[in-house]
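[1] what follows is a predicted protein model with its sequence.
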Amino acid sequence: MRKVPVDEAVGMTLGYDITKIIPGREKYRAFRKGQIITEQDIPKLKDIGKEHIYIWEPDEKLIHEDEAALRLAKLVVGPGLTWTDPSQGRVNILADQNGLFKVDVEQLNQINNLDEIVFATLHNDRVVIKGQAVAGTRVVPVAIDRITIEAAEKLCAGMAPMLMIKPFIPLQVAVVTTGTEVYSGRIKDGFAEVIRQKIAPFGGCWMGQVIVPDDSERITQEIQSFITKGAQLVIVTGGMSVDADDVTPQGIRETGADVVFYGAPILPGSQFMLAYQGLVPICGVPGGALFSRKTTLDLLLPRIFAGDIINRLDIVAMGHGGLCEGCQICHFPQCPFGKVTYFMNGGSTKC
């Protein structure tokens with residue numbers, strides 16, 4: 001790159017995109033990389049504050065910002081993602097399918113710790129749709145030292161992709177609803193419709209529902225029956241509190257399933273239980289899910305449908321960001337609720 005005064009740049013080739021910003025109105029590319037500067041361009045360049053510009057002159061030690069951004073994008077992109085052409089020195093990474101966006105946050109931090117490299121992403125474990133921008137990258141200067149890009153390539157060599165989309169699996173979902181008051185017909189069940197709505201975005205297949213009294217043996221039997229019939233996710237609703245009649249946690253334990261946790265540092269939804277019988281998740285969902293729009297169940301369902309195996313440290317880490325603000329207008333997932341920013345050693349996601 002060679003810096004030249006604008007007044008002397010007529011006939012020269014611009015080495016980078018130049019952006020014009022009209023405050024509060026628009027931001028756009030006013031001049032393109034490779035554009036030949038004309039006499040008419042001089043006042044336009046000065047109007048946007050350019051007294052000097054860079055002219056591209058090849059240098060083996062430097063990489064142009066467009067090439068650098070493309071190399072960075074291609075370096076980290078995994079399954080389910082694609083990228084755009086460079087524009088104003090930036091490359092966007094887009095979801096090529098619906099699914100769960102995964103970020104190796106530790107690797108991301110290592111790349112961003114390299115001088116003059118910028119890599120921004122959505123949060124890990126974010127539900128995304130095809131065509132959605134999930135990340136963007138660029139370098140700070142118009143041309144970056146080749147050694148820096150090679151250092152990024154070395155960081156990623158031999159590692160799993162830093163970014164990927166996991167598609168949702170259309171799991172067979174069974175629901176066991178507990179509560180003597182519902183079983184006897186004293187009150188009407190409200191969980192069936194709620195659960196149907198929550199599994200629909202992930203392609204969940206409704207296998208069926210049974211309603212049982214507050215009897216741990218009956219709860220255990222119905223869970224086992226559904227799993228024997230091919231259930232890939234069992235959701236047990238109600239009976240999760242500390243009331244004398246609430247025996248759902250006991251019923252789940254008596255299946256022999258491995259309990260990951262009972263009691264999550266998430267509000268609302270703290271009296272949630274997660275267990276696994278083999279690879280089949282069993283979720284104990286408290287009655288609060290009938291009232292609160294978003295709870296622990298909503299935070300974990302995307303990961304379950306993406307095939308993640310959730311461990312205890314994953315749940316422990318969710319306390320930071322686990323408080324729902326109960327906004328009058330809910331913007332979830334475009335909000336802080338459930339956005340884990342720190343992971344303990346041993347968690348299934350790195351930062």
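    Right, received. Where do you want to start?

[2] so residue 227, which state does it fall into?
    Recorded secondary structure, residue 227: helix (DSSP: H, G, I helix; E, B strand; the rest coil).

[3] gap between residue 37 and residue 28?
    Separation of residue 37 from residue 28 (CB to CB, to the nearest Å): 18 Å. (C-beta placed from N, C-alpha, C; glycine too.)

[4] an error on my part: the question was meant for residue 39.
    For residue 39, the distance to residue 28 equals 23 Å [CB to CB].

[5] for the residue nearest the centre of the chain, phi and psi?
    Compute the mean C-alpha point of the chain, and by CA atoms, centre = their mean the closest residue is residue 126, 2.1 Å away. Backbone torsions for residue 126, taken as degrees, to the nearest 10, come to phi -90, psi 130.

[6] report the rounded mean pLDDT for the helix or strand hosting residue 298.
    Under the criterion of DSSP states H and E, residue 298 resides in helix 296-305. Averaged over helix 296-305, pLDDT sits at 96.

[7] mind listing the helices for the protein?
    All helices of the chain, identified by DSSP state H, fall at 41-47, 65-76, 105-112, 146-156, 180-183, 191-199, 216-228, 248-253, 296-305, 312-317.

[8] the residue nearest to the centre of the chain touches residue 100, doesn't it?
    Yes - assessed by CB atoms under 8 Å, residue 126 is found in contact with residue 100 at 7.4 Å.

[9] hang on, the earlier thing: pick the most buried one from the helices of the chain.
    Greatest average neighbour count among the helices of the chain goes to helix 296-305 (a mean of 24), per mean count of other CB atoms under 10 Å.

[10] just give me how far it sits from the chain centre.
    Remark: helix 296-305 is offset 12 Å from the chain centroid, using CA atoms, centre = their mean, to the nearest Å.

[11] mind listing residues that contact it?
    100, 125, 127, 168-169, 171, 198-199, 202-204, 233, 235, 264, 266, 268-270, 272, 274, 281, 283, 285, 289, 310, 318, 332, 337-338 (CB atoms under 8 Å, 6 or more residues apart in numbering).

[12] swap the cut-off to 6 Å and go again
    Contacts to helix 296-305, defined as CB atoms under 6 Å, 6 or more residues apart in numbering, come from residues 100, 127, 168-169, 202, 264, 266, 269, 272, 281, 285, 289, 310, 338.

[13] equivalent analysis for stretch 80-89, please.
    With CB under 6 Å, 6+ apart as the contact definition, stretch 80-89 has outside contacts at 17, 19, 29, 65-66, 69, 73, 91-94, 96-97, 99, 138, 163-165.

[14] ok, stretch 47-67 next?
    Residues from elsewhere that reach stretch 47-67 (CB under 6 Å, 6+ apart): 1-6, 9, 12, 15-16, 20, 86, 89, 139, 142-144, 146, 149.

[15] still on that earlier bit, for the residue nearest to the centre of the chain, give me its contacts.
    So residue 126 contacts residue 101 (CB under 6 Å, 6+ apart).
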